[in-house]
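Q: Let me see the structure of the following:
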Amino acid sequence: MPHGLPRHTHRTSSPRPARDAAFQYVRPGDCLVIVRFSRFAAGLRNLHDLLHQLDDAHVGLRSLEEPIDTTAPDGDLVIRAVDATLQLEGMWIAEVTMEGQAAARARGQRIGSPPKLTPEQADLARQMHAAGHPAPSIAAMLKVATSTIYRLVQQPSAPTTAEESGP
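A: Predicted structure coming up:
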């Protein structure tokens, strides 16, 4: 079996030449000893990825400053604790994001990307499509993607005044 770990890194990882060099020399059954986690990983997601990478390669991890050793009988708990913490963090971020979006909507702010077309352009595109003009030519004229025109003509036209919306 070739030694060394595959070079899977997460987008939040920062260059750590000593760690990367150590990963090239570890073999299944080895234990990688680090000073502390802050010197090993760039954040919780990066730590999660690195712990799983080591675990998949059957390589242990021991920190000198934190009382953590994945080769100890309770070492698997460390990986599970990081997994659970990351899952809770993800749920917390999703919850805070949804609350922020709800608050923004309550203030009347629009969520998401701005519309590609003004209301006048949207009306023109609908009229041209109803008159038989092909969506690609309408899109080219309005300088938008063809999918924007298809999506526009599939949704019902929104009334522009209170009189048009009915009782």
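Q: what's in contact with stretch 59-68?
A: 5, 26-37, 40, 51, 54, 69-71, 75, 78 (CB atoms under 8 Å, 6 or more residues apart in numbering). All C-beta atoms are positioned from the backbone trio N, CA, C, and that covers glycine.
Q: go again using 6 Å as the cut-off
A: Contact with stretch 59-68 is made by 26, 30-37, 54, 69-71, 78, as judged by CB atoms under 6 Å, 6 or more residues apart in numbering.
Q: what about that stretch, average pLDDT?
A: Stretch 59-68 shows a mean pLDDT of 89.
Q: Next: stretch 127-144.
A: Mean predicted confidence for stretch 127-144 is 94.
Q: what about dumping the CA coordinates of it to PDB?
A: Taking Å, rounded to 0.1, in the frame of the first residue of the first chain, the C-alpha atoms of stretch 127-144 are listed here in PDB:
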ATOM      1  CA  GLN A 127     -46.000  40.700 -25.500                       C
ATOM      2  CA  MET A 128     -43.300  39.600 -28.000                       C
ATOM      3  CA  HIS A 129     -43.500  36.000 -26.900                       C
ATOM      4  CA  ALA A 130     -47.300  36.100 -27.200                       C
ATOM      5  CA  ALA A 131     -46.900  37.500 -30.700                       C
ATOM      6  CA  GLY A 132     -44.800  34.500 -31.700                       C
ATOM      7  CA  HIS A 133     -41.300  35.800 -31.400                       C
ATOM      8  CA  PRO A 134     -38.800  33.100 -30.400                       C
ATOM      9  CA  ALA A 135     -37.400  33.300 -26.800                       C
ATOM     10  CA  PRO A 136     -33.700  33.300 -28.000                       C
ATOM     11  CA  SER A 137     -34.300  36.400 -30.100                       C
ATOM     12  CA  ILE A 138     -36.200  38.200 -27.300                       C
ATOM     13  CA  ALA A 139     -33.400  37.300 -24.900                       C
ATOM     14  CA  ALA A 140     -30.700  38.600 -27.300                       C
ATOM     15  CA  MET A 141     -32.600  41.800 -27.800                       C
ATOM     16  CA  LEU A 142     -32.900  42.300 -24.000                       C
ATOM     17  CA  LYS A 143     -29.400  41.100 -23.300                       C
ATOM     18  CA  VAL A 144     -30.500  38.300 -20.900                       C
END
